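Novice: sequence below, structure please.
(one chain, ligands or ions: 1)
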Amino acid sequence: MTKPTNAMACTNTDKAPKVALITGGAKRIGAAITTALHTNGYAVIIHYHHSQTDAITLADTLNSIRPNSAKIIQSSLTMSNDKATLMAFKDACLDLFGRIDVLVHNASSFYASDLGGKIDTLYQDWDDLFLTNAKAPLFLSTVFQNELKKNHGTIISLLDIHADAKPFVGYPIYNMAKAAHRMMVQSLALEFAPDIRINGVAPGVNIFPDHDQNPELNSQTQAILTDSVPLKCIGTPEDIADAVVFLANSRYVTGQIIAIDGGRGLTLKGG
Ligand SMILES: NC(=O)c1ccc[n+]([C@@H]2O[C@H](COP(=O)([O-])OP(=O)(O)OC[C@H]3O[C@@H](n4cnc5c(N)ncnc54)[C@H](OP(=O)(O)O)[C@@H]3O)[C@@H](O)[C@H]2O)c1
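Specialist: Numbers count the residues shown, from 1 in each chain. Predicted coordinates for the structure are as follows:
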């Protein structure tokens with residue numbers, strides 16, 4: 001068999017310690033991803049917005065396992081709306097360890113949108129849900145492109161089984177934003193090849209949101225959702241993290257989206 005001449009993503013001979021940046025990496029699924037990547041030898045940059053205590057506690061825990069292996073950075077994803085702030089965020093991230101090899105788009109907002117409600121609220125929902133679930137992933141991927149290219153790095157996006165023709169009722173703008181993010185994964189897999197791989201993980205029901213953020217997902221709805229999963233239980237953040245580690249280490253996989261959903265996606269009707 002002839003050896004590929006320019007398949008750079010397949011040929012990483014660089015032995016320097018690799019660094020992963022996880023957006024929203026301080027708690028819930030983000031913390032599980034941060035921890036799993038760290039366990040697999042990565043130094044980690046834990047991005048957070050409001051969860052400073054969680055970020056510091058997680059970084060302290062990881063640094064007690066391996067000194068100087070975890071750092072934190074605070075920012076709202078609104079930094080994507082402004083070129084100077086976005087570039088400053090990129091530079092600040094690169095200053096922490098001097099390199100980035102893995103970019104995980106985990107941060108997200110998630111709530112129902114009432115299309116019969118106030119138009120002002122609809123504008124706010126649109127701006128926020130598209131910012132966190134689509135715009136920030138695209139702009140962060142773009143500004144870290146040269147760094148990831150240099151390191152033959154990889155991008156992993158947290159998507160949703162409802163982002164692909166199976167909308168979650170009551171959450172139309174979230175569904176639309178995640179669908180855009182899903183297409184970003186597939187588009188950038190082509191745009192960024194052969195130097196950067198990009199893949200997605202689509203959770204089903206892995207950890208329920210806090211009740212005050214999502215009153216629609218009350219305990220009765222949660223029980224119905226759980227019962228709808230063929231494996232008859234919700235997943236765990238660690239199930240998602242395992243898939244992220246698999247994709248981070250899979251040198252011949254790009255443009256793929258893995259559902260980690262206990263089979264729930266198979267039971268959903270197409271939209
Ligand atoms: N939970 C599930 O079962 C499930 C199901 C399907 C898809 N997913 C996807 O999996 C990923 C993780 O899910 P999750 O439930 O663990 O997420 P989450 O708790 O809802 O959100 C993750 C983090 O996003 C950050 N974030 C939100 N808005 C932000 C903003 N404007 N700027 C900066 N950071 C912001 C928050 O950071 P701070 O806390 O620091 O403010 C938050 O901790 C998400 O992309 C989600 O859409 C999850």
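Novice: from here on, contacts and neighbour counts on C-alpha atoms
Specialist: Will do.
Novice: show the model's pLDDT score for the closest residue to the ligand within the stretch 151-271 of the chain.
Specialist: Proximity of the stretch 151-271 of the chain to the ligand (CA to the nearest ligand atom) peaks at Asn206, 3.4 Å away. In this prediction, Asn206 carries a pLDDT score of 83.
Novice: beta partners of the nearest residue to Gln256 once chain neighbours are set aside?
Specialist: Closest residue to Gln256 in three dimensions, ignoring its sequence neighbours and counting by CA to CA, 6 or more residues apart in numbering: Asn199, at 5.0 Å. The residues listed as beta-bridge partners of Asn199 by DSSP bridges are Ile156.
Novice: for Asn199, what are its contacts?
Specialist: With contacts taken as CA atoms under 8 Å, 6 or more residues apart in numbering, Asn199 has the following neighbours: 155-157, 185-186, 189, 247, 253-257.
Novice: list the ones among the residues you listed that fall in strands.
Specialist: With strands taken from DSSP state E, the overlap with those comprises 155-157, 257.
Novice: tell me which two of the residues you listed sit farthest apart.
Specialist: In the ones in strands among the contacts of Asn199, the most distant members under the criterion CA to CA are Ile155 and Ile257, with 12.0 Å between them.
Novice: tell me which of these two has more neighbours.
Specialist: Just comparing Ile155 and Ile257: by other CA atoms under 10 Å the higher neighbour count belongs to Ile155, 28 against 22.
Novice: the more buried one against Val104, yeah?
Specialist: Yes: judged on CA atoms under 8 Å, Ile155 makes contact with Val104 at a distance of 5.8 Å.
Novice: burial count for Gly98?
Specialist: By other CA under 10 Å, 11 other residues sit near Gly98.
Novice: which stretches in the stretch 151-271 of the chain count as helices?
Specialist: Secondary structure of the stretch 151-271 of the chain by DSSP state H, counting those that start in this stretch: the helices cover 172-191, 219-227, 237-249, 264-267.
Novice: quick check: buried residues in the shortest one?
Specialist: In other words, helix 264-267. Along helix 264-267, the positions that meet the burial threshold by neighbour count (16 or more other CA atoms under 10 Å) are 264-265.
Novice: quick one: that helix to chain centroid distance?
Specialist: From the chain centre to the centre of helix 264-267 is a distance of 21 Å (CA atoms, centre = their mean, to the nearest Å).
Novice: many thanks, we can stop here.
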